[in-house]
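Enquirer: Let's see this in three dimensions:
(one chain, ligands or ions: 3)
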Amino acid sequence: MALEVKELKTDFHNDWCVGCGDFGILNAIHMALAGLGKQRHEIAMFSGIGCSGKTPHWINTYGFHTLHGRGLPFAIGAKLANPELTVVCVGGDGDGYGIGAAHFLNSGRRNVDITYIVFDNGVYGLTKGQASPTLHRGEKPKSLPLPNINDNNNPLAVALCSGYTFIARGYSYDVKHLKDLILRGINHKGFALIDVLQPCPTYNNLQTKEWFEGIVEDEETGARVKGNPRVYKLEESGYDPVVKNPANLEEVEHKMSQAFLKTQEWGDRIPIGVLYQIDQPDYGARIAQRMPSYAKVSPAKMPFYDLATGKTTTDITPLLKDFQVV
Ligand SMILES: Cc1ncc(C[n+]2csc(CCOP(=O)(O)OP(=O)(O)O)c2C)c(N)n1
Ligand code: SF4
Ligand SMILES: [Mg+2]
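Expert: Ligands and ions are numbered 1, 2, ... in the order given. Model prediction:
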């Protein structure tokens with residue numbers, strides 16, 4: 001039986017600020033996991049450090065709150081040990097694109113079958129609003145004494161150039177759209193990156209809900225009215241991100257080029273949705289091809305002692321044979 005959203009919630013105290021975009025992402029994850037049709041023990045959440053890093057505490061599955069920037073290596077290790085697990089890693093823009101940048105970059109080369117959701121708010125929320133790698137040069141959110149001296153990086157463009165096979169952007173206040181993106185990412189056989197625009201109302205007064213959605217105050221009445229939203233959905237503009245034939249290099253080049261152009265859009269128009277998707281052998285399949293014993297039984301499923309005698313049954317001879325170079 002599929003899980004219900006309420007079964008995926010926990011009772012632990014939530015200390016995110018009122019109005020934080022993180023709540024929308026948490027709701028979307030709850031809804032997506034319920035939509036998977038799996039049980040709790042079949043799902044594992046991993047995170048780094050930050051406001052975003054607390055997320056696994058409020059999801060009633062296996063959960064691992066790891067080290068700053070290190071959610072990905074933990075998540076990848078778990079997936080390789082137990083390929084049947086649904087593995088989702090979450091973290092902040094500082095966590096993933098700053099201190100964890102080497103893991104972010106190199107994960108594209110491996111195409112491990114996990115989903116990585118980045119809470120992108122332009123600041124280090126937990127440590128009081130320092131500029132994160134996605135804050136643009138010259139911007140001065142209220143938490144900074146002076147405008148940001150650094151340029152921003154562009155995680156979606158980095159992902160595209162690093163071999164990522166599913167690249168998407170969501171918006172935390174469009175929960176249903178984000179839920180669908182997360183489900184698509186989890187069902188993609190390979191590494192799925194979902195960068196989520198996530199307003200931090202406490203420290204970032206620039207990239208706010210009002211800014212993303214074009215909400216303005218009517219000069220006469222003072223009422224909040226919708227102007228021109230910046231965020232728009234790619235799928236509604238007829239954009240097709242999916243490479244139909246990965247062997248067709250012309251098609252791959254075309255789909256990558258159009259995705260790259262989308263990664264450059266920012267300011268008045270900000271695309272959300274899937275930018276790029278391609279089928280490529282995932283890392284589990286590559287290992288199984290090289291190590292036939294891994295294909296038969298994954299490390300998590302290996303019996304390592306006899307219940308009756310308590311004696312070890314571990315025999316690593318087949319594994320060593322796989323490694324033998326002849
Ligand atoms: C090794 C290490 N360096 C620095 C810190 C301090 N620190 C904790 S969270 C954080 C930044 C978090 O920012 P981000 O990843 O954007 O997450 P957010 O809080 O915005 O969700 C920093 C620098 C730490 N915990 N560990
Ligand atoms: S500091 Fe920002 S990101 Fe952190 S909980 Fe508060 S509003 Fe959310
Ligand atoms: Mg952040």
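Enquirer: Apart from its neighbours in sequence, what residue is nearest residue 209?
Expert: Nearest non-adjacent residue to residue 209, counting by CB to CB, 6 or more residues apart in numbering: residue 199, 5.1 Å away. All C-beta atoms are positioned from the backbone trio N, CA, C, and that covers glycine.
Enquirer: residues near the one you found, how many?
Expert: 25 (other CB atoms under 10 Å).
Enquirer: what's near enough to touch it?
Expert: Contacts here follow CB atoms under 8 Å, 6 or more residues apart in numbering; on that basis residue 199 touches 19, 20, 21, 121, 172, 173, 207, 208, 209, 212.
Enquirer: Can you lay out these as JSON lines showing pLDDT?
Expert: Formatted as JSON lines, the contacts of residue 199 follow (pLDDT from 0 to 100):
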{"residue": "19", "pLDDT": "96"}
{"residue": "20", "pLDDT": "98"}
{"residue": "21", "pLDDT": "98"}
{"residue": "121", "pLDDT": "98"}
{"residue": "172", "pLDDT": "98"}
{"residue": "173", "pLDDT": "97"}
{"residue": "207", "pLDDT": "98"}
{"residue": "208", "pLDDT": "98"}
{"residue": "209", "pLDDT": "97"}
{"residue": "212", "pLDDT": "98"}
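Enquirer: Which strands and helices lie in contact with the helix or strand harbouring residue 184?
Expert: Using DSSP states H and E, residue 184 sits in helix 175-187. Other elements packing on helix 175-187 under the criterion 3 or more CB pairs under 8 Å, 6 or more residues apart in numbering; DSSP states H and E are helix 22-35, strand 86-92, strand 115-120, strand 166-171, strand 192-197, strand 270-277.
Enquirer: Check the gap between residue 233 and residue 272 for me.
Expert: According to CB to CB, to the nearest Å, residue 233 and residue 272 sit 6 Å apart.
Enquirer: Who has more neighbours out of these two?
Expert: residue 272 (22 against 13).
Enquirer: quick one, what contacts the more buried one?
Expert: Contacts of residue 272 (CB under 8 Å, 6+ apart): 168, 169, 170, 171, 174, 177, 197, 231, 232, 233, 234.
Enquirer: Quick check, the residue in the stretch 51-200 of the chain closest to ligand 1?
Expert: Among all residues of the stretch 51-200 of the chain, residue 92 sits closest to ligand 1, at 2.3 Å; criterion: CB to the nearest ligand atom.
Enquirer: which SS state does the closest residue to that residue other than its chain neighbours fall under?
Expert: Spatial nearest neighbour of residue 92, chain neighbours left out: residue 50 (3.7 Å); criterion: CB to CB, 6+ apart. Here residue 50 is recorded as coil under DSSP: H, G, I helix; E, B strand; the rest coil.
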